[in-house]
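A.B. asks: any chance you could fold what I've pasted below:
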Amino acid sequence: MSSPEPPTETPGREAPTCSAQPTYSNLGEVRAHLLPSKACRPPRKSGSPLADPHPLPPPLPKKTLSRTQSLPIHGVPSHTPAPKGQPRRAFLGSHSVDESQADDGNARPACPPAEPAFSSFDAWPGLSGHDLNCPEAMHAVLEARQLEGLRTVHARLQARLLGGHPGPCHPGHGFRLLDSSPYVESGDALYYRMVRMSNGAWHLLAAKVSKPGPEEPRPWGLELQASLPPHFNLQGLCGSVPEGALPDVPWTGPAVLAAEVPERTLTQWLAEVGTRKRPAELAWVAALLLLQLSAALEQLEARGAALAELRPENLLLAAPRGCAAAGPPRLLLADFGRVRPQPPGAPCAHAPQLGRLLRTLLGLAAPSATPLAGGLEALAARLACARPSAAQTRGALQALLWGPGPELHRQGAPLGRWLQVRRAGLVLHLAERASGGEAPGLEDWLYCEYLAEATEASLGHALALLWD
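C.D. replies: Residues are numbered from 1 along each chain as shown. Next comes the predicted model:
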């Protein structure tokens with residue numbers, strides 16, 4: 001996609017913002033209009049035209065702009081020009097040409113972003129020229145801007161990873177089955193790939209067909225799944241496959257449409273990668289998978305629900321959108337047939353199950369192989385006795401993955417300072433990678449989420465759960 005050539009000069013602070021059409025004027029015409037009109041001049045004397053004491057200077061010739069495409073200024077908010085020597089670049093919150101609108105050859109101003117735009121240093125809120133001599137004020141403003149930028153990066157990465165949700169089914173949709181046999185078989189369901197078409201647009205979905213079994217799914221859990229908003233680690237539903245929409249389907253009974261097509265189950269992943277990955281790499285990916293599972297269980301606990309039995313064969317793995325295939329997979333909790341209401345005040349039912357699953361994942365790597373594997377083994381023991389909530393477990397896993405470590409906890413170092421340094425370092429790290437054209441992935445998004453949400457108190461609770 002090509003974007004229009006940028007203008008050679010940048011509009012200043014006082015650029016007009018509400019003209020009906022972009023106008024380019026000739027300087028000679030402007031000067032001519034500033035002179036008195038003929039009606040206001042004294043009458044000429046008869047005779048030579050040289051007798052006119054105020055001759056009208058001829059207008060200057062009109063100039064044509066050398067740019068083939070110029071940016072109109074109608075509707076564009078005023079902004080501060082970039083400092084000399086620093087080119088204006090399309091980055092987070094910048095007012096640049098919208099690339100999605102530039103493919104038709106007609107440049108239009110980009111819509112203002114929802115988040116505050118990056119502006120010049122002296123325009124930052126809460127900072128005046130007098131504060132440049134106050135280190136405390138400078139530190140507070142820089143810290144606020146780092147956190148704001150981190151949250152912006154996290155929100156944009158989340159939008160890319162989640163992508164456009166297909167939404168519910170409508171009568172005008174058409175369907176086509178891609179597979180005559182199940183694409184993935186989990187412990188409780190068969191998944192077939194399908195395409196849903198409407199007005200030239202199509203979505204790749206998965207038809208989920210429940211397996212017959214002695215234990216009937218709990219209707220309460222299935223109703224809860226249908227009512228939950230889209231979440232990165234919860235299987236989303238788009239309705240049911242209409243009867244008669246597909247001739248000769250290879251299944252019997254009803255089928256629901258899942259928004260994400262799984263690639264394998266966690267049990268299959270363990271069998272495939274257990275012999276190929278090194279122990280250090282395996283422990284890292286296992287921690288990222290358990291972190292995503294904790295985030296999914298946290299959503300259930302917030303709704304007063306609990307998973308009666310956590311089975312690896314019912315945990316689905318899918319490739320996150322827009323990420324490299326070599327990165328960690330996306331984990332989806334899909335077994336809502338075993339979700340039941342959790343009595344208020346009851347101990348957390350997920351902690352012992354997470355501890356057993358963690359030991360299963362660590363069975364492929366010796367606990368002493370890496371410090372991370374040793375920390376995960378310690379967490380598994382704490383899950384069995386302390387029974388923390390899913391949110392507390394997620395915080396402990398974040399601390400194991402990205403710090404702070406037990407040394408900082410034993411020294412009693414200020415965790416707020418550590419958090420500030422890590423936020424600044426991550427923003428710089430992402431900027432360096434973006435300048436080289438490297439796209440962030442799932443692990444970057446999870447790290448951004450950690451540092452954007454963490455507080456000094458939450459860090460202290462996580463370290464206490466791990467090392468006290």
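A.B. asks: can you pull out the residues in contact with stretch 265-275?
C.D. replies: Contacts to stretch 265-275, defined as Cβ atoms under 8 Å, 6 or more residues apart in numbering, come from residues 184-187, 264, 282, 285, 289, 312-317, 329, 331, 360-361, 364. Placement of C-beta: from N, CA and C, glycine included.
A.B. asks: now which of those would you call buried?
C.D. replies: 184-186, 264, 282, 285, 289, 312, 314-317, 329, 331, 361 (16 or more other Cβ atoms under 10 Å).
A.B. asks: show me these that map onto strands.
C.D. replies: Residues of those located in strands (DSSP state E): 184, 185, 264, 315, 316, 317, 331.
A.B. asks: can I assume the third one is in contact with residue 184?
C.D. replies: So that's residue 264. Yes: between residue 264 and residue 184 there is a contact under Cβ atoms under 8 Å: 6.3 Å.
A.B. asks: overlap in contacts of these two?
C.D. replies: residue 316.
A.B. asks: past the helix or strand bottoming out on mean pLDDT in the chain, which element shows up next along the chain?
C.D. replies: Ranked by mean pLDDT, DSSP states H and E, the weakest helix or strand in the chain is helix 27-34, scoring a mean of 45. Using DSSP states H and E, the helix or strand that follows helix 27-34 towards the C-terminus is helix 135-162.
A.B. asks: list the helices and strands that next one packs on?
C.D. replies: Judged by 3 or more Cβ pairs under 8 Å, 6 or more residues apart in numbering; DSSP states H and E, the packing partners of helix 135-162 are helix 415-435, helix 442-453.
A.B. asks: any buried residues in that helix, and which?
C.D. replies: Buried residues in helix 135-162 (16+ other Cβ under 10 Å): 141, 145-157, 161-162.
A.B. asks: ok, the buried ones among the contacts of stretch 265-275 vs residue 217, which is closest?
C.D. replies: residue 314 (11.5 Å; Cβ to Cβ).
A.B. asks: wait, isn't that closest one in contact with residue 191?
C.D. replies: No: using Cβ under 8 Å as the test, residue 314 is too far from residue 191 to be in contact (11.8 Å).
A.B. asks: low pLDDT regions in this protein?
C.D. replies: Residues of the chain that meet the criterion pLDDT under 70 lie in 1-132, 214, 274-275, 365-369.
A.B. asks: how much space is there between the residue nearest the centre of it and residue 151?
C.D. replies: Central residue of the chain (Cα atoms, centre = their mean): residue 158, 1.8 Å from the mean position. Remark: distance between residue 158 and residue 151 (Cβ to Cβ, to the nearest Å) = 10 Å.
A.B. asks: check residue 298 too.
C.D. replies: 19 Å.
A.B. asks: try residue 372
C.D. replies: Distance, residue 372 to residue 151, by Cβ to Cβ: 27 Å.
A.B. asks: same deal with residue 176?
C.D. replies: 41 Å.
A.B. asks: could you do residue 324 as well?
C.D. replies: 24 Å.
A.B. asks: same question, residue 242
C.D. replies: Applying Cβ to Cβ to residue 242 and residue 151 gives a distance of 41 Å.
A.B. asks: and the protein, what are its domains?
C.D. replies: 174-258, 264-467 (automatic domain parsing).
A.B. asks: for the last one, measure first residue to last.
C.D. replies: Read that as domain 264-467. End-to-end span of domain 264-467 (Cα to Cα, to the nearest Å): 35 Å.
A.B. asks: what about it, distance to the chain center?
C.D. replies: 18 Å (Cα atoms, centre = their mean, to the nearest Å).
A.B. asks: same check, this time on stretch 456-468
C.D. replies: 27 Å.
A.B. asks: buried ones in that stretch?
C.D. replies: 458, 459, 461, 462, 463, 465, 466, 467.
A.B. asks: contacts for it, please.
C.D. replies: 375, 378-379, 382, 386, 388, 392, 395-396, 398-400, 404, 406, 408-410, 414-416, 418-419.
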